[in-house]
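# here is a sequence with its predicted model. Questions after.
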Amino acid sequence: MANIGRQVLILFTAFIVLYPAETFTAQEGPQATIVVENVPDGGIQPRLFNDDAGTIHLVYFKRRIQEGRDRTGDLYYRQRLEESNNWSAPVKISSSSFNHLGPVSKASAVIDDERRVHVVWFIPSDGYYYSRSNLGRTMFEPARTPSNLYTEGLDAEANLATDGSTISITWHAGDLMSEASRAVYSMSSDDYGDTFDDPTQISDSALGACACCSLATNYDRQGKLQIAYRSAINNDGRHMQVISGANDSQNPRTVGKWVINACPVSSNNLNGNWLAFESEGRLWTVNLASPDQAKPLRASAIRQKHPSMATNQRGHRLVVWGEAVGYFAGGTLQMQLYDDDNKLFNTPDYSSKIIKEYSVAATVSGRDGSFLVLY
């Protein structure tokens, strides 16, 4: 992680300026059930996702030693067992143990239409590793390096997305001392991860890329790869940029502006057409399928960070995040539930629950329309 980013972040988070939030009228009436649980097995950095049948899947990191300074551990996979609301036995993903960095370097995971799980993760000073499960998800292939190209200055996670047999891996790279010239790169496989094409540059390098801010990707209904990343224009234009398809790479949509001459060490999340991202210490959401401006979540005197979103079959959308000062603290668990018209439901208060250090909260929708939240 870029040291200057962390140093400035400590100062920055103590002086968050709160801008007037848009007023939302909370809805009464029926709401989706929200189930809140700890990550199983003492794990951290959960990634929740579901397949086309609605089954819930989980990838998480487990430290070998839960307490102390040793952050070495492994990645594991589990499936939610609906009949018992419990988890299947853990399946190890990583071929060898490694030292995790933190929330912006967590593993990324997706499941394809054959229900094979794909995972990519970051090992400091070593780069990205990729593995996929067998069709029964009972074991994972030996980890492999997806590419040796464009690996200078890696400092945050790569992100996976899937569309049919296509699997893409997207990241940003470049000189850590010249973030204004970094760029976003992507590579894809058309055979469920058997082989990958060489990576290509996706973003305009004149916009830069914030070194220790992670990006988010998914495929829209037209099969275009959407990429949301933080730029570093002139080293202080840390704006949220969205690219939709290769033809859009030179003309991204700026959905949020943040002028700060340091890396804020942030992450964002894409769920369908909805993007949640941080700007000026606040979280915002925007529907990328509309020209509407981004709207802030409720105001807070504490930094809001590391959002996760899920949408159920009724169109209800849950946003979860942590609130804390500093990079490593997970903070208090926060959430907001919206209906299909983006109107706010009355949402239970879970702020008494504390997200573990170095971790984040995650959410996913269940087959019955409920939401599962892990922290």
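Everything's here; your move.
# please save the CA atoms from stretch 337-350 in PDB.
Provided in PDB are the C-alpha atoms of stretch 337-350 (Å, rounded to 0.1, in the frame of the first residue of the first chain):
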ATOM      1  CA  LEU A 337     -32.800  -1.100   2.400                       C
ATOM      2  CA  TYR A 338     -34.500   0.400  -0.600                       C
ATOM      3  CA  ASP A 339     -37.600  -0.600  -2.600                       C
ATOM      4  CA  ASP A 340     -37.700  -1.000  -6.400                       C
ATOM      5  CA  ASP A 341     -38.300   2.800  -6.700                       C
ATOM      6  CA  ASN A 342     -35.200   3.600  -4.700                       C
ATOM      7  CA  LYS A 343     -37.200   4.700  -1.700                       C
ATOM      8  CA  LEU A 344     -35.800   4.000   1.700                       C
ATOM      9  CA  PHE A 345     -37.400   1.400   3.900                       C
ATOM     10  CA  ASN A 346     -37.200   1.600   7.700                       C
ATOM     11  CA  THR A 347     -34.100  -0.500   8.300                       C
ATOM     12  CA  PRO A 348     -33.000  -2.100  11.600                       C
ATOM     13  CA  ASP A 349     -30.100  -0.700  13.400                       C
ATOM     14  CA  TYR A 350     -27.100  -3.100  13.600                       C
END
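# after the top strand by length along the chain, next one along is what?
If you go by DSSP state E, the chain has its longest strand at strand 72-81. Going down the chain from strand 72-81, the next helix or strand is strand 86-87, by DSSP states H and E.
# who's in contact with that next one?
P40, L58, R78, Q79, R80, L81 (Cβ atoms under 8 Å, 6 or more residues apart in numbering). Using the backbone N, CA and C atoms, a C-beta is placed for each residue, glycine as well.
# what mean pLDDT does the helix or strand that comes right after it get?
For strand 86-87, the following helix or strand on the C-terminal side (DSSP H and E) is strand 91-92. Mean pLDDT, strand 91-92: 98.
# ok, the residue nearest in space to the middle of the chain - contacts?
The residue lying closest to the centre of the chain (Cα atoms, centre = their mean) is N269, at 4.7 Å. For N269, the contact set (Cβ under 8 Å, 6+ apart) comprises A216, L275, A276, F277, P307, S308, M309.
# quick one: which of the contacts of strand 86-87 is most hemmed in?
L58 (25 neighbours; other Cβ atoms under 10 Å).
# who does that one form a beta bridge with?
L48, R78 (DSSP bridges).
# what does the one 5 residues further on give?
Counting by DSSP bridges, R63 is bridged to G73.
# so which residues make contact with the longest strand of the chain?
Taking Cβ under 8 Å, 6+ apart as the rule, strand 72-81 contacts 40-41, 43, 55-65, 86-94, 97-100, 107, 109, 117, 119, 121, 133, 137, 140, 366, 372.
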